[in-house]
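Trainee: I'd like to go over a predicted model; first the sequence, then the structure.
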Amino acid sequence: MTSAGRRIVIPPRVTIPIGPQHPALKEPGMFKLTVEGEHIVDAVVNIGYNHRSIEKIGENNTHLQNLYLASRICGICSATHNGNYAQAVEFAAEAEIPERAKFIRTLIWELDRIHSHILWLGVAFHEVGFDTAFMLSWRDREIVMDMLENISGNRIHHDMSTIGGVRRNISDAQKEQMLKGFDKLEERVAFYRDVAIHEKTFWNRVDGVGMLEAPVAKKTSAVGPTGRGSGLKVDVRFNDPTQAYIPMMDTGDFEMILSDRGDVAGRSVVRVIETIEAINMSRWLLNNMPDGPIRERVRPRIQPNEVLARHEAPRGELIHYLVTNGTNKPDRWKVRAPTYNNWTSMAHCLRGDYLADAPIILAAIDPCYSCTDRVVIVDGADEAMRLVSLDNLRMESNKWHKEHPRRE
Amino acid sequence: MQTPLDVTIQLLAQTLAVFVFPGILFITFLALLWQWVDRKAHARFQNRFGPLHTGWRGILQPLMDFLKLLGKEDLTPKAADRRSFAAVPVVMLVLSLVSAMFLPIVDMDPGTSGVQGILSFEGDLVFLLFLSTLMAITIVLAGYFSSNRYGQTGSARTGMLLISFEIPLILALVTPALLTGSLRLSIITHELSKLSPAYIWLMVIPFIIYIISLQAELERIPFDASHAEVEIVHGWQVEFSGKKLAMINLAEDIMLMFGAGMVTALFLGGPLLLEFIPIPLFSVEFAGFMATTWVGWIYYTLVFMFKSALVIIVLSNMRTAFARWRIDQIVRAAWKFMVPLAIINLVLVQIALVYIFPILGVV
């Protein structure tokens, strides 16, 4: 088979699909990697397998129903969506909520961050085959899960925030229990920090892998630990604090965790140290929690308004854009999840690395596809990227089907 | 003069040895038992329980897994080379079974000194290494026959891994052969047990090299880049299902049992334990009693199992303590560290044997 037109490339270029269903992915997503031997020469990223039309459903629901719908956007950062939606509605209604409610809401957000980051750490360990640390870190994650269950009644979908405050109060006994839990948790997280940094087999797998330089991170508007791992100062808690973050930042005890490494190791270190910082923040919130009511009545009909609520979710900046029209239903509700910002940089991170690094690079932005679903076409050849609206997509698909009629 | 009856009885006994004890049935039993030990130890190291429900503490779980896989649907991909694809599991199983038959578990030939396996001849160590290389080639071919991209990547990685670690593995086995002047497994075990305790020091480095290379040969963490499930979905095994997968899993278990058995035979004194106590009661009378009567069969088997189980636990501990290496890291580690270490060790052994031991007066 030596036809003249056939060119043989050694090593051969093979396209390896990671996804839509793949053990490395917790949710459906599609990554087409072109590899030469073990080197990734090209990466095509495509998500959009998990579209659930939540924003459209939300337009037919009341604001109170939407709170519970919002928390179902994501299983891991449910409190952030729930709390941020409540915050958006309060901004639109121009209602002020009690101080204690602010503190409790912020506490839930921080606990959510702790459990999300420990979960991520476990997943990262698993992606590089370090299953022991994965099992142990998820065991210790149960401490914070128990805390959340203790104060909200649920492990995953806390639904603590409601419009005008929070649903449940925190008693003194619960406070004592939590403070005790934080001590244990801090010790364990410090241990995992040391494991991540000093365990050679893990460190060698993340050191210098998936480089995202600061200019590229800025260009692709990376947020959260992905941006902070590349040295970008992006943290809504510090840049644009809301709720109880305002008095917390006024104390000046807390610092934004940054790393200028720009690789997966930098992102890992940022996340682990941030967990310890989140534990300290939660402790501060518990110790300085003011007394008073936990809920302010807000009338269900919200005045016509247009607001943008920002919040630092565990994965990065989360934006809820809300247009109200004077009824008890939103006119338009738009959620921009942090993964949407982060995964645009993924093709850049993947290119030039080893195939074996692909899972950890994909995991390093802590992707949450169910939060994010748009159609983006990434052209692997010239790094071009374009957003395609649904109408255009429909037109293109009609065109394609016209050109490729079904064979009989 | 042999009567036909004698010949028949002899044939029956040999058949029993090959098929039941210490042959295929016993090897399979040990392989499944070691899989259980490995899974249980691995789970306990990870603060899990491991198999729990089938049998006593899940001891029958490996058997259940095997039987269940036998009943599953057996698929062959359209693009695969059908015959070669079907042949791979059989070849792997046969190769692993044949290798395991060389293990000196009980004395099959009391006429010769030392504990003989079912198969034993001069130079069988070389033959065993040949078998393990054949196994590696079969694995590489298995990935290519399945014509799957994950499979092909996996087999390319397997090829690189095995090429890198076969060499330190073979060099580590040279030391016991040098010390005893034999290439026969049973003779090596027998002669090593008679050497003076000073020789233990020469066996330490080869032992470490062999354990690490063994872990790589068996493709377990940290060397399991060839079937990393989060990257290439079990690599070369990805297209195998049903009976074929059951056979491949059994073959891998037997290779684990064979590897542990080799460590036991070459470095841990084989099926001898109490014989090493330097009192005549043990080293002469007990040893003679065990070597000549049927009690030895039970005793040797139990000692062999005990030592192998220890090796298995060491191997599972290694599996627990590390993350998976990338293939380039594995290859670099092998060529920059393991191979030079093995060669330096050989030089050291030569120097010790020729210059140092005569000065110290070690016999």
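Mentor: All right, it came through fine. Source: prediction; values computed, not measured.
Trainee: specify the local secondary structure of A:Glu176.
Mentor: Three-state assignment for A:Glu176 (DSSP: H, G, I helix; E, B strand; the rest coil): helix.
Trainee: centre-most residue in the chain?
Mentor: Going with chain A. A:Arg315 (3.0 Å; C-alpha atoms, centre = their mean).
Trainee: ah, no, chain B please
Mentor: B:Gly259 (1.5 Å).
Trainee: about what we covered before: ok, the residue nearest to the centre of chain A - contacts?
Mentor: Contacts here follow C-beta atoms under 8 Å, 6 or more residues apart in numbering or on different chains; on that basis A:Arg315 touches A:77, A:116, A:223-226, A:337-339, A:342, A:365-366, A:368. From N, CA and C alone the C-beta is placed, and that goes for glycine too.
Trainee: got CSV for those, with pLDDT and neighbour count too?
Mentor: Listed next are the contacts of A:Arg315 as CSV, based on pLDDT from 0 to 100; neighbours: other C-beta atoms under 10 Å in any protein chain shown:
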residue, pLDDT, neighbour count
A:Cys77, 82, 27
A:Ser116, 90, 26
A:Val223, 87, 27
A:Gly224, 86, 28
A:Pro225, 88, 30
A:Thr226, 88, 30
A:Ala337, 83, 26
A:Pro338, 85, 30
A:Thr339, 82, 29
A:Asn342, 82, 28
A:Ile365, 77, 30
A:Asp366, 75, 27
A:Cys368, 70, 25
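Trainee: helix, strand or coil for the residue of the stretch 201-350 of chain B found nearest chain A?
Mentor: The shortest separation between the stretch 201-350 of chain B and chain A is 2.6 Å, found at B:Arg324 (distances taken as C-beta to the nearest C-beta). Here B:Arg324 is recorded as coil under three-state DSSP.
Trainee: just give the nearest non-adjacent residue to it, would you?
Mentor: The spatial neighbour of B:Arg324 that comes closest, neighbours along the chain excluded (C-beta to C-beta, 6 or more residues apart in numbering or on different chains), is A:Gly129 at 2.6 Å.
Trainee: before we move on, back to that, since we're on the residue of the stretch 201-350 of chain B closest to chain A, how many residues are nearby?
Mentor: Using other C-beta atoms under 10 Å in any protein chain shown, B:Arg324 has 26 other residues around it.
Trainee: my guess is it meets B:Ala228, correct?
Mentor: Yes. At 5.8 Å, B:Arg324 counts as touching B:Ala228 under the criterion of C-beta atoms under 8 Å.
Trainee: so for the two, which residues contact both of them?
Mentor: When C-beta under 8 Å, 6+ apart defines a contact, the residues bordering B:Arg324 and B:Ala228 alike are A:129, A:356.
Trainee: on that earlier part again, adding secondary structure, write the contacts of A:Arg315 out as a markdown table.
Mentor: Rendered in a markdown table, the data for those read as follows (three-state DSSP):
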| residue | secondary structure |
| --- | --- |
| A:Cys77 | coil |
| A:Ser116 | helix |
| A:Val223 | coil |
| A:Gly224 | helix |
| A:Pro225 | helix |
| A:Thr226 | helix |
| A:Ala337 | coil |
| A:Pro338 | helix |
| A:Thr339 | helix |
| A:Asn342 | helix |
| A:Ile365 | coil |
| A:Asp366 | coil |
| A:Cys368 | coil |
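Trainee: export these as JSON lines, with columns for distance to A:Asp194.
Mentor: Written out in JSON lines, the entries for these read as follows (distance: C-beta to C-beta, whole Å):
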{"residue": "A:Cys77", "distance to A:Asp194": "26"}
{"residue": "A:Ser116", "distance to A:Asp194": "21"}
{"residue": "A:Val223", "distance to A:Asp194": "28"}
{"residue": "A:Gly224", "distance to A:Asp194": "24"}
{"residue": "A:Pro225", "distance to A:Asp194": "19"}
{"residue": "A:Thr226", "distance to A:Asp194": "23"}
{"residue": "A:Ala337", "distance to A:Asp194": "32"}
{"residue": "A:Pro338", "distance to A:Asp194": "28"}
{"residue": "A:Thr339", "distance to A:Asp194": "29"}
{"residue": "A:Asn342", "distance to A:Asp194": "27"}
{"residue": "A:Ile365", "distance to A:Asp194": "24"}
{"residue": "A:Asp366", "distance to A:Asp194": "21"}
{"residue": "A:Cys368", "distance to A:Asp194": "28"}
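Trainee: let me know the closest of those to B:Leu162.
Mentor: Distance ranking of these against B:Leu162, using C-beta to C-beta, places A:Ile365 first at 34.9 Å.
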